[in-house]
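Trainee: Next one to model:
(one chain, ligands or ions: 1)
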Amino acid sequence: MNIQVYGSASKAGVAVAQVFAAQIIRDPFSVLGLATGSTPLPTYEAMVELYKAGIVDFSTVRTFNLDEYVGISREHEQSYYSFMFEHLFSQINIDPAHVQVPNPVSENLDEDCIAYDAAIDDAGGIDLQLLGIGHNGHIAFNEPGDLFTYGTHIVELSKSTIEANKRFFASADEVPKKAMTMGIGTIMKAREIVLVASGKDKAQAVATMILGEIDPLCPASALLLHPQVTVFLDADAASLLH
Ligand code: F6R
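Mentor: Just a heads-up that it's a prediction; the model follows:
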């Protein structure tokens, strides 16, 4: 695991955007794995800048998002589908037909999950996956548990995740209780992974991931087994790494 520490979250975001730019320039047909949340916002801003500067062309890129809430429509302003269009897709020249966000709407959600993994495989697998990390060490919505869950699946969100995400809703009661998420196995299949964390509140999760045991109680610790992971931190998120 390669670790890079930057003076600020925005500098880390620029560095991550440059990794994505290099990937797209190397292979304009790249398959990218994308994340939502506050952490990737500086990265998406920097990607938009690179696009506007004519450095990156997204027209043949395909993307798969990590996760989506169950029980709110795609049009809901807090859906991850809406988030991606607001913060990235509407501002770059990506073809909306090349964009996939989990869409847990059918009668049989397990079938939606199987179809999502199959769609990633059919696209040739993810070349470069972007991740954030939750305060409890979750990646995507893989919450701490007894086992690493391999494939895309439906998950009950933990209290701490609902608490962390209530800032986007009128109250904690309105935060959906379930989500569809890539599994640890889906994420580990990506050929290269970048995880970004910023802020003091992420320092403990980052330290547990990097310095602790490989343990499903810290889902992000599975990344220690992946051969091609870079962790981009600001100084605050790195503050417990001695
Ligand atoms: C989002 C996701 C989550 C977030 C994590 C951190 O697609 O998969 O695992 O990366 O909850 O969220 P923020 O960045 O809002 O602190």
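
Trainee: which residue is nearest the middle of the chain?
Mentor: Ala35 (2.7 Å; C-alpha atoms, centre = their mean).

Trainee: Dihedrals phi and psi, that one?
Mentor: Taking degrees, to the nearest 10, you get phi -120, psi 160 for the backbone angles of Ala35.

Trainee: how about it, what does it touch?
Mentor: Asn65, Leu66, Leu130, Leu131, Gly132, Ala140 (C-beta atoms under 8 Å, 6 or more residues apart in numbering). (Glycine included, C-beta is placed from N, CA and C.)

Trainee: ok, and what's touching stretch 110-122?
Mentor: Contacts for stretch 110-122 (C-beta under 8 Å, 6+ apart): 31, 64, 100, 102-106, 126, 151-154, 180, 182, 186, 189.

Trainee: mind checking how far the helix or strand encompassing Glu86 is from the chain centre?
Mentor: Under the criterion of DSSP states H and E, Glu86 resides in helix 80-87. Taking C-alpha atoms, centre = their mean, to the nearest Å, the mean C-alpha location of helix 80-87 is offset from the chain mean by 13 Å.

Trainee: if we can go back for a sec, just the pLDDT for the residue nearest to the centre of the chain.
Mentor: pLDDT, Ala35: 98.

Trainee: What distance do you get for it to Ile210?
Mentor: With distances taken as C-beta to C-beta, to the nearest Å, Ala35 is found 19 Å from Ile210.

Trainee: same question, Leu109
Mentor: 34 Å.

Trainee: repeat for Pro104
Mentor: From Pro104 to Ile210 the distance is 32 Å (C-beta to C-beta).

Trainee: How about Gly183?
Mentor: From Gly183 to Ile210 the distance is 22 Å (C-beta to C-beta).

Trainee: lowest average confidence, helix or strand, in the protein?
Mentor: Of all helical and strand segments in the chain, the minimum by mean pLDDT, DSSP states H and E falls on helix 159-165, at a mean of 89.

Trainee: The longest helix along the chain - contacts with which helices or strands?
Mentor: Assignment by DSSP state H gives helix 9-26 as the longest helix of the chain. If you count contacts as 3 or more C-beta pairs under 8 Å, 6 or more residues apart in numbering; DSSP states H and E, helix 9-26 packs onto strand 2-6, strand 31-34, helix 41-52, strand 128-131, strand 192-197, strand 229-234.
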